[in-house]
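Enquirer: Fold the following for me, if possible:
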Amino acid sequence: MEQALSKTPIKGRGAVSNRTGRYERLTGERMDDGWGSLDRETEEAPPLRTEILPDSSRKVIARNESPDVPFDRSVNPYRGCEHGCVYCFARPTHAYLGFSPGLDFETKLFAKHEAAELLRQELSKKGYRPSTLALGANTDPYQPIERQLRITRRIVEVLAEAKHPFGIVTKSDLVLRDLDLLAPLAEERLLRVCISVTSLDRAFSRALEPRASSPPKRLTAIRRLTEAGVPVTVLTAPMIPALNDHELEALLEASAEAGAEAASYVLLRLPQEIGPLFEEWLETHAPDRKTRVLEQIRSARGGKLYDAAWGKRMRGEGPYAFVLKRRFELACKRLGLNRRSWELDTSLFRPPRRDVDQLALF
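Expert: Numbering: from 1, shown residues only. Sure, this is the predicted structure:
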């Protein structure tokens, strides 16, 4: 694998390089010959195409025991994400597959074509006990390739048949395509949708999350979901010191006005390969603020770029983290956010039919 050294942004992509994954034995490094060859290669290179590869997983429900998240199981229709958010905490998972958490993560995607069928099998097993399931906890279930593959929609259809409670996490207005399924589920208290809104600045959002829906489209999604009776939580995540943290109150205000009734936030996380990738992004898109951003992150992470300790990794610690938390709490109180809990109903669950094709013969 090669590691690009050019600081020229790649159109439509978030990462600047294809930094080698941590499990690879060899690392290649491209060197400039003194005549600007790397910049010339970048300028003349053809656009990076998205490649869709099959995922051969035989199970789709992933389990976790983290006290930092409000669910113990999740389903991710895709590995990798074309949205290209440079900060995505899922990027390091591509290293397990022998690919780079950099550009490979957003261009070499794995699709779980059999996800709905596998989910049906797992939910119908004797002894299965329902609990709120997160759809898209790792990568976005409504990323661009979902328009053609429709894997997420088929998963939602299985969950609807089983009356299984679940939450959707996305930053795409493509979620509105499935309102015909989502609205009835929300009426039975089986669904909540979480929309991530990181910035109201279109240019900044485009650089940070190049193929995600624009900020106005995400706010429209919140409004239309709310109007359809679907409860919406806005995720102002991640908050990045000296880049978008000044927008916290404005993000909450715009989302509350659109109809969101709950909110949450996460301080930027930079585990594994994400730290170097994010530093490259800063050098390319915000070189004048790079030092300040990284210093403030370290001040909230015990002097490091990342602290994985439970209870700290989502919000950080220290003066900066305390002020951010207090700002969030005061804004939510003023806007009436998080006033009530929305417990999803597990009592309606019924195991789905195990073999739909076979039963259709009778």
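
Enquirer: Going by C-alpha atoms from here, please, whenever you check contacts or count neighbours.
Expert: Noted.

Enquirer: any chance you could map the strands in the stretch 101-250 of the chain?
Expert: 108-111, 133-135, 166-170, 191-196, 232-239 (DSSP state E, counting those that start in this stretch).

Enquirer: Dump those strands to CSV, plus distance to residue 12 and mean neighbour count.
Expert: As requested, the strands of the stretch 101-250 of the chain are arranged in CSV below (distance: least, Cα to Cα, whole Å; neighbours: other Cα atoms under 10 Å):
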stretch, distance to residue 12, mean neighbour count
strand 108-111, 14, 20
strand 133-135, 25, 24
strand 166-170, 19, 24
strand 191-196, 19, 24
strand 232-239, 20, 24
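
Enquirer: As JSON lines, the ones you listed with distance to residue 77 and mean pLDDT would be great.
Expert: JSON lines is the format used below for those (distance: least, Cα to Cα, whole Å; pLDDT from 0 to 100):
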{"stretch": "strand 108-111", "distance to residue 77": "6", "mean pLDDT": "97"}
{"stretch": "strand 133-135", "distance to residue 77": "8", "mean pLDDT": "96"}
{"stretch": "strand 166-170", "distance to residue 77": "12", "mean pLDDT": "97"}
{"stretch": "strand 191-196", "distance to residue 77": "16", "mean pLDDT": "97"}
{"stretch": "strand 232-239", "distance to residue 77": "21", "mean pLDDT": "97"}
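
Enquirer: Same list (those) but as JSON lines, adding distance to residue 301.
Expert: Formatted as JSON lines, these follow (distance: least, Cα to Cα, whole Å):
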{"stretch": "strand 108-111", "distance to residue 301": "31"}
{"stretch": "strand 133-135", "distance to residue 301": "27"}
{"stretch": "strand 166-170", "distance to residue 301": "26"}
{"stretch": "strand 191-196", "distance to residue 301": "23"}
{"stretch": "strand 232-239", "distance to residue 301": "14"}
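
Enquirer: which stretches of the protein have low pLDDT?
Expert: Residue ranges of the chain with pLDDT under 70: 1-7, 21-46, 355-362.

Enquirer: quick one, helices of it?
Expert: When assigned using DSSP state H, the helices of the chain occupy the ranges 37-44, 103-107, 115-123, 146-149, 151-162, 179-187, 202-208, 215-227, 248-258, 274-285, 290-300, 319-335, 356-359.

Enquirer: Out of those, which one sits most buried?
Expert: Comparing the helices of the chain by mean neighbour count (mean count of other Cα atoms under 10 Å), helix 103-107 ranks first with a mean of 25.

Enquirer: Show me the contact partners of that helix.
Expert: Residues outside helix 103-107 that contact it (Cα atoms under 8 Å, 6 or more residues apart in numbering) are 13-19, 48-51, 80-84, 91, 94, 99.

Enquirer: Pretty sure residue 281 sits against residue 17.
Expert: No - with contact defined as Cα atoms under 8 Å, residue 281 does not reach residue 17; the gap is 9.0 Å.

Enquirer: who touches both of those two?
Expert: By Cα under 8 Å, 6+ apart, no residue touches both residue 281 and residue 17.

Enquirer: if I read this right, residue 12 contacts residue 210, doesn't it?
Expert: Yes - Residue 12 is within contact range of residue 210, at 5.4 Å (criterion: Cα under 8 Å).

Enquirer: Between these two, which has more neighbouring residues?
Expert: Counting neighbours by other Cα atoms under 10 Å for residue 12 and for residue 210 shows that residue 210 has the greater number, 21 against 16.

Enquirer: For that one, give its distance to residue 101.
Expert: Look at residue 210 and residue 101: by Cα to Cα, to the nearest Å, they are 16 Å apart.

Enquirer: Can I get stretch 105-122 as PDB, trimmed to CA atoms?
Expert: What follows is stretch 105-122, C-alpha atoms only, in PDB (Å, rounded to 0.1, in the frame of the first residue of the first chain):
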ATOM      1  CA  PHE A 105     -12.500   3.000   3.400                       C
ATOM      2  CA  GLU A 106     -14.600   5.300   1.200                       C
ATOM      3  CA  THR A 107     -13.900   3.700  -2.200                       C
ATOM      4  CA  LYS A 108     -13.800   0.000  -1.500                       C
ATOM      5  CA  LEU A 109     -17.100  -0.800   0.100                       C
ATOM      6  CA  PHE A 110     -18.400  -4.200   1.200                       C
ATOM      7  CA  ALA A 111     -22.200  -4.900   0.800                       C
ATOM      8  CA  LYS A 112     -24.000  -7.500   2.900                       C
ATOM      9  CA  HIS A 113     -26.400  -8.500   0.100                       C
ATOM     10  CA  GLU A 114     -27.900 -11.300   2.300                       C
ATOM     11  CA  ALA A 115     -28.300  -9.200   5.400                       C
ATOM     12  CA  ALA A 116     -32.100  -9.200   5.500                       C
ATOM     13  CA  GLU A 117     -32.200 -13.000   5.100                       C
ATOM     14  CA  LEU A 118     -29.500 -13.500   7.700                       C
ATOM     15  CA  LEU A 119     -31.300 -11.100  10.100                       C
ATOM     16  CA  ARG A 120     -34.600 -13.100   9.600                       C
ATOM     17  CA  GLN A 121     -32.800 -16.300  10.600                       C
ATOM     18  CA  GLU A 122     -31.300 -14.800  13.700                       C
END
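
Enquirer: Could you give the backbone dihedrals for residue 270?
Expert: phi -130, psi 60 (degrees, to the nearest 10).

Enquirer: Compare the helices of the chain and give me the one nearest residue 310.
Expert: Nearest of the helices of the chain to residue 310, taken as Cα to Cα: helix 290-300 at 14.3 Å.

Enquirer: I'd like to know which elements the closest one is packed against.
Expert: helix 274-285, helix 319-335 (3 or more Cα pairs under 8 Å, 6 or more residues apart in numbering; DSSP states H and E).

Enquirer: Can I get those in CSV including distance to residue 298?
Expert: Formatted as CSV, these follow (distance: least, Cα to Cα, whole Å):
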stretch, distance to residue 298
helix 274-285, 11
helix 319-335, 10
